[in-house]
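Q: Give me coordinates for this.
(chains A, B, C and D)
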Protein chains: 2
Amino acid sequence: MNDDKLSARRRQTRSTLVEAGISVFAVKGIDGASIEEICEAAGFTRGAFYSNFSGRDELILATIESRTSHDLDMLDATIERWRDRLSCGQPGDLEGFLTEFITDTFSQKVVTAAEVIAEHEIELYCLRTPGLYPRYAELSSYQIERIQSLIENAIGFAEAAATIPLPDLISALTAIHSQAALRAAAGKRLHEKVEIDPTQMVRILARLLDFDRD
Amino acid sequence: MNDDKLSARRRQTRSTLVEAGISVFAVKGIDGASIEEICEAAGFTRGAFYSNFSGRDELILATIESRTSHDLDMLDATIERWRDRLSCGQPGDLEGFLTEFITDTFSQKVVTAAEVIAEHEIELYCLRTPGLYPRYAELSSYQIERIQSLIENAIGFAEAAATIPLPDLISALTAIHSQAALRAAAGKRLHEKVEIDPTQMVRILARLLDFDRD
DNA sequence: AGACCTCGATACAAGAATGTATTGGATACA
DNA sequence: TGTATCCAATACATTCTTGTATCGAGGTCT
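A: Numbering: from 1, shown residues only, chains lettered A, B, ... in the order given. Prediction:
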């Protein structure tokens, strides 16, 4: 987690290995991928790997740390953007507003098909690896917090109210997004970007809100 | 798929291996589980395994065939039950009706934590295994068909109309269910049963329908 | 420039997993 | 009872994977 102490070279190597891991995991699964394969994909040898990580689990750990930290930055930036927006006027048309909101919140999260698949793979891996689960759960909860904050803002801005408990609303949206991403990734080549049509989520979100406007 | 030609003994062995596979997959992941481990869990040796399956993929295939055929039977039975109900009266209170419907449709599907996790594991494995994906997709689509049929019935019975396209409605419900099942399975021991509180799904479904009643 | 240090490559040993070929016990059948 | 068949156990050869211990190139500091 603390990359700070590491030399630039080392940081670069680690990050290359992490990226390679994602690519290989998407094809072979986490346990199906040998350390050797990952190193090969990264252009290193196993020597480099074991000099940087104690083993597979530590690579996974580095992967979720890096991924989450990136996602959190994106979410925080989005929160900022929407906070600004709060002060400068009306939402305009509802459809457009929600579409923009959903796109902003969810679509920056993941890009290539490989990343989507690897993310699901990692989720399961952490679920069944006691040493990894607590950290995974912690990092997930940070993301949920941010998303909740975003949704609260947006709802307030739209002068609306959630008609179901907020946690349920959020988990529904993330579930739908996560499934949609996986479906979209299924067909594609690994490095194709995954585009998720926001209309399903928009429609559902719209239906789960009450609008006080007259 | 055609167990018909097999002797009872052979059928029993295969099914034991399939069950053992599910247990082991849930702990080790599909690629993390050695054939040996699966056999050990089943009380057989590798000789039995290779006498029954050509390799890991064929075991997975047998697993999804067996699982799906069971699920389809359940769904068909549920469809029957609801068709009967159509003829014998009013839905009564809406909340109760939807709760019963959701429970009926989704809750019989999966039982233990191990099964939930293994199911997700298998989904990803099939996604990245070209030889398995077509069959997996085919079997999934049968299930979707049944669920769609159920939902159509229920909506009609409740004298309601979906306010978003039916496929979107269904995929939303399955996504929510699937995520809820995984979350519920996460904490538990492998053979504990997973209970999914239907209220989230009920509330959302209710919000996604328009009721023509007066 | 020279000594030091960092970091990845190489070589090696040990262990794990796979798949096959063969064996032996049980069961069905005549 | 004898015999043929089926099916899982055993034994074995091979390949894959892992982790460590060592080496050496390239950079850094004085």
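Q: can I assume A:I30 sits in a strand?
A: No - with DSSP: H, G, I helix; E, B strand; the rest coil as the criterion, A:I30 is coil rather than part of a strand.
Q: How many residues are close by it?
A: Neighbourhood size, A:I30 [other Cβ atoms under 10 Å in any protein chain shown]: 26. The C-beta positions use only the backbone N, C-alpha and C, and glycine is treated the same way.
Q: quick one: A:A113 and B:S178, what's the gap?
A: To B:S178, A:A113 is 20 Å away according to Cβ to Cβ, to the nearest Å.
Q: swap in A:S171?
A: Distance of A:S171 to B:S178, computed by Cβ to Cβ: 12 Å.
Q: And the helices in chain A?
A: Counting by DSSP state H, chain A has helices at residues A:8-28, A:35-42, A:46-52, A:56-87, A:94-106, A:113-127, A:133-157, A:166-187, A:199-207.
Q: tell me the most buried of these?
A: Each of these was scored by mean neighbour count; the highest is helix A:113-127, a mean of 23, by mean count of other Cβ atoms under 10 Å in any protein chain shown.
Q: contacts for it?
A: Residues outside helix A:113-127 that contact it (Cβ atoms under 8 Å, 6 or more residues apart in numbering or on different chains): A:21-23, A:25-27, A:29-31, A:60, A:63-64, A:67, A:110, A:132-133, A:135-136, A:178, A:181-182, A:184-185, A:188-194, B:29, B:117, B:120-121, B:124, B:127-128, B:182, B:186.
Q: what angle do that helix and helix A:133-157 make?
A: On the basis of axes from the mean of the first three to the mean of the last three Cα atoms, to 10 degrees, helix A:113-127 is oriented at 120 degrees to helix A:133-157.
Q: Mean confidence (pLDDT) on helix A:113-127, please.
A: For helix A:113-127, the mean per-residue pLDDT is 97.
Q: wait, isn't A:R83 in contact with A:E152?
A: No - the criterion here is Cβ atoms under 8 Å, and A:R83 misses it with A:E152 at 11.1 Å.
Q: residues in chain A within reach of DNA strand C, list them.
A: Contact residues (Cβ under 7 Å from any atom of the strand) of chain A with DNA strand C: A:6-7, A:9-10, A:12-13, A:39, A:43-48, A:51-52.
Q: go with 6 Å
A: By Cβ under 6 Å from any atom of the strand, the residues of chain A that approach DNA strand C are A:7, A:9-10, A:13, A:44-48, A:51-52.
Q: which among these gets closest to chain B?
A: A:R46 (19.0 Å; Cβ to the nearest Cβ).
Q: How about the contacts made by that closest one?
A: By Cβ under 8 Å, 6+ apart, A:R46 lies in contact with A:35-36, A:39.
Q: ok, it to DNA strand D distance?
A: 5 Å (Cβ to the nearest atom of the strand, to the nearest Å).
Q: Model confidence for that residue, exactly?
A: Note on A:R46: pLDDT of 98.
Q: try A:E19
A: Here the pLDDT value assigned to A:E19 is 98.
Q: which residues does the residue lying closest to A:A20 once chain neighbours are set aside contact?
A: Once flanking residues are discounted, A:A20 sits nearest to A:A42: 3.5 Å by Cβ to Cβ, 6 or more residues apart in numbering or on different chains. By Cβ under 8 Å, 6+ apart, the contact list for A:A42 reads A:16-17, A:19-20, A:48.
Q: Spell out which residues of chain A are next to DNA strand D.
A: Where proximity means Cβ under 6 Å from any atom of the strand, the interface of chain A facing DNA strand D comprises A:34-36, A:46-47, A:50, A:55.
Q: from the residues of chain A next to DNA strand C, which two are the most distant?
A: Farthest-apart pair in the residues of chain A next to DNA strand C is A:S7 and A:R46; separation 20.4 Å (Cβ to Cβ).
Q: which stretches of chain A have low pLDDT?
A: A:1-4, A:86-91, A:109-110, A:212-214 (pLDDT under 70).
Q: how does it look with 50?
A: Along chain A, the parts satisfying pLDDT under 50 run over A:1, A:214.
Q: out of the residues of chain A next to DNA strand D, who's nearest B:I79?
A: Among those, and counting by Cβ to Cβ, the member closest to B:I79 is A:S34, at 46.2 Å.
Q: how many other residues sit next to the closest one?
A: A:S34: 13 surrounding residues under other Cβ under 10 Å.
Q: Okay, it and A:F25: tell me how far apart.
A: Remark: distance between A:S34 and A:F25 (Cβ to Cβ) = 11 Å.
Q: try A:V194
A: 16 Å.
Q: do the same with A:I38
A: Taking Cβ to Cβ as the measure, A:I38 falls 8 Å from A:F25.
Q: just checking, A:A184 touches A:V194?
A: Yes - A:A184 is within contact range of A:V194, at 4.7 Å (criterion: Cβ under 8 Å).
Q: ok, how many other residues are close to the nearest residue to A:A180 once chain neighbours are set aside?
A: Nearest residue to A:A180 in three dimensions, chain neighbours excluded: A:I196, at 5.1 Å (Cβ to Cβ, 6+ apart). Applying other Cβ under 10 Å, we find 21 residues neighbouring A:I196.
Q: hang on, isn't A:I196 packed against A:Q108?
A: No - contact criterion Cβ under 8 Å: A:I196 and A:Q108 do not qualify, at 11.1 Å.
Q: Need the residues touching each of those two.
A: What both A:I196 and A:Q108 touch, as defined by Cβ under 8 Å, 6+ apart, is an empty set.
Q: which among the residues of chain A next to DNA strand D gets closest to DNA strand C?
A: Checking those against DNA strand C with Cβ to the nearest atom of the strand, the nearest one is A:G47 at 2.1 Å.
Q: OK, contacts around that closest one?
A: By Cβ under 8 Å, 6+ apart, the contact set of A:G47 is empty.
Q: Distance-wise, check it relative to A:R10.
A: According to Cβ to Cβ, A:G47 and A:R10 sit 14 Å apart.
Q: Could you do A:V18 as well?
A: Distance, A:V18 to A:R10, by Cβ to Cβ: 12 Å.
Q: for A:L190, same thing?
A: Per Cβ to Cβ, A:L190 is found 27 Å from A:R10.
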